[in-house]
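**Student:** Sequence first, predicted model second:
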Amino acid sequence: MEPLIDETFLARLANLKVIVKGRRKGRLAGLHSSPRAGVSVEFADYRDYTPGDDFRYIDWNIYGRLDRVLVKSFVHEADLPIYLLVDLSASMRLGTPSKARYAARLAAALAYLGLRGLDRVGLYPFTDRLLPVVAPRHGMGQMTHVVHALERMPSAGKTSIDRALTEFVSKSHESGLVFLLSDFLSDAGYEEGLSRLLHRGDEVVVIQILDPKELRPTIEGSVLVTDVETAGKTPMVIGRGTLALYERRLGAYLAKLRGYLSDHRVSYVLAPTDVPLEVLIHERLRAGGILR
Amino acid sequence: MILVSPAYLSLLALAAGIVLLYFLHTRRQRHEVSALFLWEQLPNDPRTRAARIRVRIDALLLLQLLVLVTVVLALAQPAFLTKKPRLAGLAIVLDGSASLRGRSADGRLAADLARSEASALLDRYPTTPVALLELSTCPRVLAPVSADHERVRRAIAAWEPTWFGNGTGEDLTGLLASQGGTFERVVLLTDGQPAFSLPDLEVVPFSPGENLALTAFSVREDPSGMGSIAFVRMRNDTPSYREVTVRVSDGSRRILFPALIAPGEEQAYVLPFPSSAGPVFTATIDGADTFPADDSRLFSLARRTEWRIRIVGQIDRYLRAALASVGAVRFLEASDPTSADINVAYGVPLPAGVSGSVLLVHGSLPGVVEVGEDQEGDTGTLAVDAPGDPLLANVDPLDFVVRRAPVVRPLAAGVTLLSAGGEPVLWRADLPERRVVLLAPDPVKTNLPLTVDFPILVWNIVHWLSLADPSAPPPALVAGEPIPFAPYGVPERLKDPSGHETQIDPSSVGFLAKASGIYQLTTSSGTYAIAVNVDWDESPRPAAAGTVAPAVREGAANTLEAALLSAWPIAAVLALGLLVLESAIYQRPGLPRRRE
């Protein structure tokens, strides 16, 4: 199986940063502007120099020893807790590659960006409830925990976004940036859970991951349509007319979702799994103002 | 079309099972979705492609049935009756001579080409009775005339050319006659045009490759007794100048020289081997060519390789040592009944009834020469009466001192070579039945045994005495030629070039040399080296410019006959193709997959 994330892929994320639209009160050092006065000049970490960095923070001793241009980071900016909520219900295993795999790779990339920006990153997989979590922590060591957890996540069970988000709000006491990765194909509702997040002050980004065949199915003939989560079945004779009606119904469902999210100023990105992850990150997430 | 195993057709009943399974099996496919609520209550599409899908499903069924039919057909072994030419008889004649061991112009073994052509002829006439014959100096039938082509093919595969020479037209006529002689076609597969022609004989020639050959090699003794003279001739049958190294050896000495030889040219050399008696000589040339067998030639002088010497009377150790230094010498007791090559009578007359050449040392031979008492007083200086005689070759007689020489009375015609005081000291006679040499003084009363020239003198004497063999065995033979024992005596054993020795029945009259090399024949009269070469005519020569190889005619008088052509492989391949097609259609996206 293709590795979840590799160095080449990470190298292409070097110039990206997670954008937070408002000022947030971070507890620890970070790169996001904080409403609190920045008083600390405490050294935090080294990172590779990127164009635009302040020359004053280049460590010339390190350059002399290692021939590498590294920049010293200082705790003078607030950090941001980033919560990666990943849907692991049975419906996420559909598609090639599976939606769950695509979501896992995307979550790993977002975790890397967050940790590189000195933020705390936590992983919160869910189905119809919250699964064991990786609590938010600083440092690249956290990346190992996140990737390890993403690699081991099985997709099974039903989806209940409302219930999962309610549990999440009760377990995480600090608001932050919430990436909600799901196919959102559930009639169990999502409004209540999202409302709880927004009410707490979280900044929410919804990334809806769908298989292209869910957007434009090609199945025809006599079919027993089966729900992978509920095992419900519907015998059908599907033709072009049926598929057109399905696409119309799906379009209406997606429009309703987008409308709700737009009304609540929640960022939304549609991520079909046939779109390469790099394209999604570098084009769609940047275009959506989620990354810079 | 006919079926060889029609019983397998009963397997077609399996088609009913396939059809039954098809109709019993649900054709509804299962499709998993993430959310059923998006699909529920969608109206069915009456204009769906289901009908077309159904057709495709039916096509799958049809393909499965076709696969079954073709597999059953293959098992039933279908065969077609075809018309193949048939002859009253076909004689395939393989040139079995040594030249077929060479390579053709395209680098292939000529024997392989012959096998290939023979197999092609069998393919062309699958029902014709065929005889497989080999033509060489020892022609033979490889497979008697028969319609059993498998037997003929086995004989072709097992066939290897001989080392023999070319057969003649009479040989081929005899072979054909031995098989009934009723052959509509007689095809000779050879590496060149035969030297004979027969009516209706078709020749399939293969172009021989480039070749350098020793086309002649012989050795004769120098008439003066001064060793031997070798004659070498070689030919360049390549299109370019070739520089070759020629080596001629008598086993102890070797003459080596380079030679540049033009395309198509023949060069001959005369090479002296002073004081060499061989008897086995070897000539070789280097340089890669397509027929290495003629790059080395052998010659054996008609002389014993071993001397059996009987000494009668006194045994002087100096004389015995000088005799032993001549070569391979076996001394016989005076009482040994075996005939000797040379008899040495020392101080006594040679007994009557002893045959063979004679060296008399201070002894007489009745009827030939009588040796009396030594003369009184010093005999004076030794005189050379016949300078240049072979017996005095490389000998300086002036070193000899003979104080007392006997009175000698020659009774037969002879030549006095040395004399002292008017009496012969060294005398020889070449008689019709034997050769005789007389050394008149007693060696112990001369300085002869202590001189350097004494062994040389004895060497000359022994070779001169053995030069005249009573019979003249052939000096060199070719493989495939019968070698008679008679010139050598009563045969006892024979050692072939590979070192294998066999006992010979004394009543045998000869043997057939199957390969080239040196054969060691031991008879009642000695051991002889017999040189056997590959036939001189076997050296391949390129076809003359403009020579067109005659094509094998197709046989205008051929009649057509039904032959079975098996078709089961076609059915098997068809079944496999249909199976692949069925699988491809089944795997096509959008098609219902029943096994999901």
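**Tutor:** Looks like it came in fine.
**Student:** Going by C-alpha atoms from here, please, whenever you check contacts or count neighbours.
**Tutor:** Will do.
**Student:** What ranges does the stretch 401-550 of chain B have for its strands?
**Tutor:** B:406-410, B:415-420, B:423-430, B:435-439, B:476-478, B:482-484, B:491-495, B:501-503, B:510-512, B:517-523, B:526-533 (DSSP state E, counting those that start in this stretch).
**Student:** Out of those strands, which gets nearest to B:L14?
**Tutor:** strand B:510-512 (68.5 Å; Cα to Cα).
**Student:** Now do the buried residues in that closest one.
**Tutor:** In terms of neighbour count (16 or more other Cα atoms under 10 Å in any protein chain shown), strand B:510-512 has no buried residues at all.
**Student:** which neighbours does that strand have in its sheet, and in what orientation?
**Tutor:** strand B:482-484 (antiparallel) (DSSP bridges).
**Student:** still on that earlier bit, Throw the strands of the stretch 401-550 of chain B into a markdown table and include distance to B:L214, thanks.
**Tutor:** Formatted as a markdown table, the strands of the stretch 401-550 of chain B follow (distance: least, Cα to Cα, whole Å):
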| stretch | distance to B:L214 |
| --- | --- |
| strand B:406-410 | 49 |
| strand B:415-420 | 42 |
| strand B:423-430 | 37 |
| strand B:435-439 | 37 |
| strand B:476-478 | 14 |
| strand B:482-484 | 23 |
| strand B:491-495 | 26 |
| strand B:501-503 | 29 |
| strand B:510-512 | 23 |
| strand B:517-523 | 15 |
| strand B:526-533 | 11 |
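**Student:** for the stretch 1-150 of chain A, what spans make up the helices?
**Tutor:** Applying DSSP state H, counting those that start in this stretch to the stretch 1-150 of chain A gives helices spanning A:7-11, A:60-66, A:99-116, A:141-151.
**Student:** ok, of the strands of the stretch 401-550 of chain B, where does mean pLDDT dip lowest?
**Tutor:** Within those, the stretch with the lowest mean pLDDT is strand B:476-478, showing a mean of 76.
**Student:** circling back to that earlier point, right, so of the helices of the stretch 1-150 of chain A, which gets closest to B:P351?
**Tutor:** Among those, the nearest to B:P351 by Cα to Cα is helix A:7-11 (114.5 Å).
**Student:** ok, residues contacting the closest one?
**Tutor:** Residues from elsewhere that reach helix A:7-11, judged by Cα atoms under 8 Å, 6 or more residues apart in numbering or on different chains: A:109, A:112.
**Student:** For that helix, buried residues please.
**Tutor:** Residues of helix A:7-11 include none that count as buried (16+ other Cα under 10 Å).
**Student:** tell me the contacts of B:A486?
**Tutor:** Contacts for B:A486 (Cα under 8 Å, 6+ apart) come out as B:509-510.
**Student:** Distance-wise, check it relative to B:T522.
**Tutor:** Remark: distance between B:A486 and B:T522 (Cα to Cα, to the nearest Å) = 12 Å.
**Student:** B:V326 too?
**Tutor:** Applying Cα to Cα, one obtains 20 Å for the distance of B:V326 from B:T522.
**Student:** Please work out which residue of the stretch 101-250 of chain A is closest to chain B.
**Tutor:** The shortest separation between the stretch 101-250 of chain A and chain B is 4.0 Å, found at A:G239 (distances taken as Cα to the nearest Cα).
**Student:** what's across from A:I207 in the sheet?
**Tutor:** Applying DSSP bridges to A:I207 yields these beta-bridge partners: A:L181, A:V269.
**Student:** Count residues in the vicinity of it, would you?
**Tutor:** 22 (other Cα atoms under 10 Å in any protein chain shown).
**Student:** Which residue is the nearest non-sequential neighbour of the closest residue to chain B within the stretch 51-200 of chain A?
**Tutor:** Closest residue of the stretch 51-200 of chain A to chain B, Cα to the nearest Cα: A:S91 (4.5 Å). In this structure, A:S91 finds its nearest non-sequential neighbour in B:S34, 4.5 Å apart by Cα to Cα, 6 or more residues apart in numbering or on different chains.
**Student:** Go ahead and confirm that neighbour touches A:A231.
**Tutor:** No - no contact is recorded between B:S34 and A:A231 when judged using Cα atoms under 8 Å, the distance being 10.2 Å.
**Student:** still on that earlier bit, and the pLDDT for the residue nearest to A:S91?
**Tutor:** In this model, B:S34 carries a pLDDT of 90.
**Student:** the strands in the stretch 101-250 of chain A, which residues?
**Tutor:** Listed in chain order, the strands of the stretch 101-250 of chain A (DSSP E, counting those that start in this stretch) span A:120-126, A:134-137, A:177-182, A:203-210, A:221-227, A:233-238.
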